[in-house]
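S.K.: predicted model, plus sequence, below.
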Amino acid sequence: MRDIKDTDEQLIIEMDNRPDLTNIRGAIQGGLVATLIDIAAGRLAGNASGHGHSVTTADMNVHFLAPIIEGPARAEAAIVRAGRRLIVTSVDVFDAGRGRLAATATLTFAVLEPR
């Protein structure tokens, strides 16, 4: 995975499509797409949680819309709402080579107090 854009409002990361990451049809495995989504959203939520706080995934809802055949898979995460206890994010995943929306997700993160 590699960072494409990293700001307070948006995080974009990419993952290449390789034969060892694909199913028998040549598409990136759905579990890897879900992991890419969780990583992008979690990093962004962690940045928004404030100094000393951390976050953990509380809820993740993914809609798989199309296979990622060409790649790379590009996850574009954004903050929907950042509260003191919960942070809600959205992530769109594209097959960047085809310019096609492949998945969309909403994630909620619980904000954990510093230790």
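M.R.: In hand now; what should we look at?

S.K.: number of nearby residues for A45?
M.R.: 27 (other C-beta atoms under 10 Å). Where C-beta positions appear, they are placed from N, C-alpha and C, glycine not excepted.

S.K.: please enumerate the helices of the protein.
M.R.: Along the chain, the segments classed as helices by DSSP state H run 30-48.

S.K.: can you pull the buried residues of the longest strand that it contains?
M.R.: Counting by DSSP state E, the longest strand found in the chain is strand 100-112. Of all the residues in strand 100-112, those buried under the rule 16 or more other C-beta atoms under 10 Å are 102-109, 111.

S.K.: check stretch 45-56 too.
M.R.: For stretch 45-56, by 16+ other C-beta under 10 Å, it's 45-49, 54-55.

S.K.: I'd like the residues you listed as a markdown table, with pLDDT and distance to L65 appended.
M.R.: Supplementary listing: these in a markdown table, determined by pLDDT from 0 to 100; distance: C-beta to C-beta, whole Å:
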| residue | pLDDT | distance to L65 |
| --- | --- | --- |
| A45 | 97 | 23 |
| G46 | 96 | 27 |
| N47 | 94 | 27 |
| A48 | 95 | 26 |
| S49 | 95 | 29 |
| S54 | 95 | 31 |
| V55 | 97 | 26 |
